[in-house]
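K.L.:
turn this into a structure:
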Amino acid sequence: MVVAGKINRVAFYCRMNRRDRDYTQLLPEVEQALNRRFGKGNWEMQMFFEVASGTNPARKEFNRLKAEIKAEYWDAVVTITASKLARDFKQQMEFMDICKDRQVEVITVRQPEDAQLIYQRVKQFVQEYFEGSDWL
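P.N.:
Prediction:
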């Protein structure tokens, strides 16, 4: 859980689909977002980087991140866009469910593709249109 005034443990998940991309160019943007959210010096970040398809369920770093979230190691996950987490809808929702269950905030740097907002809208849709169903 994110608590103001403490050092927040943040996982930066960065997935690329090609090896010729340079993730380091994203770091200033990520740092600015974390400074705005937590305050300068109130966060420590570890990177989870991989070159893989966002539809692949066997992504090593993505699965390691999910396991560490379940183990309550992280306070927040930051990513550039929601599609960097997963391009597979089911994987995206399962990831967000894990984060919600462990009170891990998901911070999406670039708007309007905000992972939290997408998740909330889908959950609302399911509740309204599939009431009584165990779908999702």
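
K.L.:
all contacts plus neighbour counts: C-alpha atoms, from now on.
P.N.:
Fine.

K.L.:
which other helices and strands contact the lengthiest helix in the chain?
P.N.:
In terms of residue count, the longest helix belonging to the chain (DSSP state H) is helix 115-129. The contact analysis (3 or more CA pairs under 8 Å, 6 or more residues apart in numbering; DSSP states H and E) places helix 115-129 against helix 89-101, strand 105-108.

K.L.:
now do the buried residues in it.
P.N.:
115, 116, 118, 119, 126 (16 or more other CA atoms under 10 Å).

K.L.:
for stretch 85-100, same thing?
P.N.:
Result for stretch 85-100 [16+ other CA under 10 Å]: buried residues 85, 86, 91, 92, 93, 95, 96, 99.

K.L.:
sec struct for residue 26, please.
P.N.:
Following DSSP: H, G, I helix; E, B strand; the rest coil, the label given to residue 26 is helix.

K.L.:
residues near the nearest residue to it once chain neighbours are set aside, how many?
P.N.:
Spatial nearest neighbour of residue 26, excluding adjacent residues (CA to CA, 6 or more residues apart in numbering): residue 80 at 7.9 Å. Residues near residue 80, counting by other CA atoms under 10 Å, number 23.

K.L.:
can you tell me how far residue 80 is from residue 107?
P.N.:
Distance of residue 80 to residue 107, computed by CA to CA, to the nearest Å: 8 Å.
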